[in-house]
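Participant: Build the 3D model from these lines:
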Amino acid sequence: MSSIINFIQNNVNRTIAYSILVFFVLVIIYVSVRIDYRIGILISLLPFLFLVLMAIIHYPFLGFSIIFIINYFISGFYRYVPSIPTGITMDFVTVVFFICLVMSNFNGSTRIKFNNIYNGLTLASFIWILYCLFQLLNPAAASTIAWFQSARGMGLYFFIIVCLASITLTKYFDLKRLLFIWAILCLIAVAKAYVQKTYGFDPAELRWLYNGGGGRTHLLVTGVRYFSFFTDAANFGTGIAFSGVIFGISSFYFKKPALKVFYLLTAAACGYGMLISGTRGSLAVPFVALTVFVFLSKNVKAMILTGIMIATSFYLLKNTNFGEWNVYIRRMRTAFNTEDPSFMVRVENQRKLRTYMWDKPFGAGIGMARQRSDNYQADKFLAKIPTDSWYVLIWVETGIVGLILHVLLLLYIVVHGAYLVLFRLKNREVKGVTTAMICGISGIYVASYSIEIFGQFPTGFILYTCMTFVFLSPIYDKELEDKKLQKVKEYETIT
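Facilitator: Numbers count the residues shown, from 1 in each chain. Next comes the predicted model:
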């Protein structure tokens, strides 16, 4: 009797499952044929998305990795599907991930370490977002809408990413896995730039160059600037240089030979990507990074070799014609020319802005610089003058008070990281990766004088994640040192 009942229950369950499946397929077919095939595709993806969300709830690192990858491709994806807004898409994905984190806290098998959120970087980012909120009271600002559009890139993402990374990336293994994912993404980005250089641009890229205005800054008499799937060549060149520095320095500290070789090759590929981007400001990243590395390494041999390499490269680019036959080296060399017309235009623009800003200590308001001021402000002056610099943008929109606060917070991050490397961290691998990130961050700081890199996808997201890694490094260091001590105790117990 019991076997008959089980047979009936099993068949009933199968019938219900198959009925739901058939109904779901019919709905997809109906929507695709009668309404819109794109909506049908979205509905068909719902089961897969449900499985992904369940996986994220159980494994939060998976969620952060997905956001990390989406962030890397989102600006390039917009070039192919302009109807999908990049900022709102990232906001939506981030909110979904946050909800999954909250739900995972109720999952017995997953332990979210919310205590990691209490660190100096979270406080620094919170202070900055408070100042951005204070800007809503700025009498010079003409639009609250402009504030909401710009405040995300100006400070909100900084705070959110630091919080999410602090909660999610709690183990050193998380750092290593994310580094590997980042390296793969960099290789894809460089490969895309290589395809652009070798085989030309695809229709979407040509449309952006000729109809979207990108050609003015990328199709130059001196040569074509390649941008991969980044927003532009400046973002690509600076961001890929930042990546190359971190992978290049980190490679010397990993124990496994395979990882050393892989990250060295990745660094070389990033160097090639920086070169063909034609971005002169990106040169600051390796020069500054290697200079910082000289002071942090505390290795006499490394200091001498790095010092010689920096001095030789600087001399060859500034005082010789070495590599003049190469269009990209020739363009990079102009970065050292203080009489360069582009540099002189920036200086003149800053002189005009200085006159305009003398009575605005708290700035013209977030969202009031660049072309957006043309939409929201009766005074069209700011719309006519490009800021061409993250620091100039901060100065114009938040004033000299905001600029000083911002720079002090950025300096605190690097100084604290240097303190950790020089006096706190014991594990060689953790210390090496942390050193590499401090060097790369320092390079981005200087390069930001000539590009608004902080608030752009994907570099801004990666930069804030690296800052978080620096502040979490004592946790990773303790984790590895405890494991080493445990192994010693086990060995002593056996012997």
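Participant: Now whatever helix or strand F471 lives in: buried residues?
Facilitator: Element membership of F471 [criterion: DSSP states H and E] is helix 459-494. Using 16 or more other CB atoms under 10 Å as the test for burial, helix 459-494 gives 459-477, 479-480. Just so you know, the C-beta spots here come from the backbone N, C-alpha and C atoms, and that holds for glycine as well.
Participant: packing partners for that helix?
Facilitator: For helix 459-494, the elements it packs on are helix 60-80, helix 120-134, helix 157-168, helix 172-199, helix 233-250, helix 390-419, helix 428-447, judged by 3 or more CB pairs under 8 Å, 6 or more residues apart in numbering; DSSP states H and E.
Participant: Kindly recompute the last result at 6 Å.
Facilitator: Under the contact definition 3 or more CB pairs under 6 Å, 6 or more residues apart in numbering; DSSP states H and E, helix 459-494 sits against helix 157-168, helix 172-199, helix 428-447.
Participant: closest to V407 out of those?
Facilitator: Smallest distance to V407 across the helices and strands packed on helix 459-494 (CB to CB): 8.9 Å, for helix 428-447.
Participant: coming back round to it: okay, the helices and strands packed on helix 459-494, which one's buried deepest?
Facilitator: For the helices and strands packed on helix 459-494, average neighbour numbers computed from mean count of other CB atoms under 10 Å are highest in helix 428-447, which has a mean of 25.
Participant: before we move on, the earlier item: how far out from the middle of the chain is the helix holding F471?
Facilitator: From the chain centre to the centre of helix 459-494 is a distance of 23 Å (CA atoms, centre = their mean, to the nearest Å).
Participant: Report the angle between that helix and helix 120-134.
Facilitator: Helix 459-494 runs at 160 degrees relative to helix 120-134, counting by axes from the mean of the first three to the mean of the last three CA atoms, to 10 degrees.
Participant: average model confidence for helix 459-494?
Facilitator: Averaged across helix 459-494, the pLDDT comes to 87.
Participant: Likewise for stretch 298-315?
Facilitator: pLDDT averaged over stretch 298-315 gives 76.
Participant: Give me the contact list for it.
Facilitator: Stretch 298-315 is contacted from outside by L290, F293, V294, S297, using CB atoms under 6 Å, 6 or more residues apart in numbering.
Participant: In helices, which of the residues you listed appear?
Facilitator: Counting by DSSP state H, the contacts of stretch 298-315 place L290, F293, V294, S297 in helices.
Participant: which residues touch K176?
Facilitator: K176 makes no contacts at all, as judged by CB under 6 Å, 6+ apart.
Participant: give me that answer again for 10 Å
Facilitator: Counting by CB atoms under 10 Å, 6 or more residues apart in numbering, K176 touches F254, L259, E429, V433, Y476.
Participant: how far away is it from L463?
Facilitator: Distance, K176 to L463, using CB to CB, to the nearest Å: 19 Å.
Participant: what's the angle between the helix or strand hosting L51 and helix 60-80?
Facilitator: Using DSSP H and E, L51 falls within helix 46-58. Helix 46-58 runs at 140 degrees relative to helix 60-80, counting by the same axes, to 10 degrees.
Participant: What mean pLDDT does helix 46-58 get?
Facilitator: Across helix 46-58, the average pLDDT comes to 79.
Participant: cool, stretch 177-186 as well?
Facilitator: On average, stretch 177-186 scores 97.
Participant: so how far is that stretch from its chain's centroid?
Facilitator: Its chain's C-alpha centre and that of stretch 177-186 lie 12 Å apart, by CA atoms, centre = their mean.
Participant: got the CA coordinates for that stretch in CSV?
Facilitator: Output in CSV follows, covering the C-alpha atoms of stretch 177-186 (Å, rounded to 0.1, in the frame of the first residue of the first chain):
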residue,chain,number,x,y,z
ARG,A,177,41.1,35.0,-6.6
LEU,A,178,40.1,38.6,-7.4
LEU,A,179,43.6,39.4,-8.6
PHE,A,180,43.4,36.5,-11.0
ILE,A,181,40.0,37.5,-12.3
TRP,A,182,41.4,41.1,-12.7
ALA,A,183,44.4,39.8,-14.7
ILE,A,184,42.1,37.9,-17.1
LEU,A,185,40.0,41.0,-17.6
CYS,A,186,43.1,43.0,-18.3
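Participant: Provide the contact partners of that stretch at residue level.
Facilitator: With contacts defined as CB under 10 Å, 6+ apart, stretch 177-186 is touched by 61, 64-65, 68-69, 71-73, 165, 168-169, 171, 228, 239-240, 242-244, 246-247, 250, 254, 259, 262-263, 265-267, 269-270, 273, 433, 436-437, 458, 462, 465-466, 469.
Participant: from those residues, which would you call buried?
Facilitator: The buried subset of the contacts of stretch 177-186 - by 16+ other CB under 10 Å - is 61, 64-65, 68, 71-73, 165, 168-169, 171, 228, 239-240, 242-244, 246-247, 250, 254, 259, 262-263, 266-267, 269-270, 273, 433, 436-437, 458, 462, 465-466, 469.
Participant: what domains does the record give for the chain?
Facilitator: Split into domains by automatic domain parsing, the chain comes to 11-44, 48-112, 121-494.
Participant: from those domains, which stretch is densest packed?
Facilitator: domain 121-494 comes out most buried of those by mean count of other CB under 10 Å, with a mean of 19.
Participant: what sits against V292?
Facilitator: Neighbouring residues of V292 by CB under 10 Å, 6+ apart: 245, 249, 306, 414, 417-418, 435, 438-443, 445-446.
Participant: Looking at those residues, which has the smallest pLDDT value?
Facilitator: For pLDDT, the smallest value among the contacts of V292 belongs to T306: 74.
Participant: how big is the angle separating the helix or strand harbouring that one from helix 233-250?
Facilitator: According to DSSP H and E, T306 maps onto helix 300-319. Helix 300-319 and helix 233-250 are oriented at 150 degrees to each other (the same axes, to 10 degrees).
Participant: so how far is helix 300-319 from its chain's centroid?
Facilitator: 28 Å.
Participant: do stretch 239-258 as well
Facilitator: On the basis of CA atoms, centre = their mean, stretch 239-258 sits 16 Å off its chain's mean C-alpha point.
Participant: First-to-last residue distance for it?
Facilitator: 25 Å (CA to CA, to the nearest Å).
Participant: Show me what L219 is bridged to.
Facilitator: For L219, the beta-bridge partners under DSSP bridges are V224.
Participant: Could you shift the numbering so residue one becomes 431, and keep it that way?
Facilitator: That works, and once the first residue is 431, the last one we named lands at L649.
Participant: Quick check: the gap between it and A719.
Facilitator: In terms of CB to CB, L649 sits 30 Å off from A719.
Participant: and if you look at D604?
Facilitator: Here the criterion is CB to CB. By it, D604 lies 24 Å from A719.
Participant: List the contacts of the closest residue to A634 other than its chain neighbours.
Facilitator: In space, and not counting its chain neighbours, A634 is closest to Y510: 4.7 Å by CB to CB, 6 or more residues apart in numbering. When contacts are counted by CB under 10 Å, 6+ apart, Y510 touches D632, P633, A634, E635, R637, W638, F659.
Participant: And the residues you listed, which is closest to T923?
Facilitator: Using CB to CB, F659 comes nearest to T923 of the contacts of Y510, at 53.9 Å.
Participant: On the three-state scheme, the closest one is what?
Facilitator: For F659, the assignment made with DSSP: H, G, I helix; E, B strand; the rest coil gives coil.
Participant: tell me the pLDDT at it?
Facilitator: 90.
Participant: what's the answer for the one 3 residues further on, then?
Facilitator: We have a pLDDT of 90 for D662.
Participant: distance of it from A688?
Facilitator: 35 Å.
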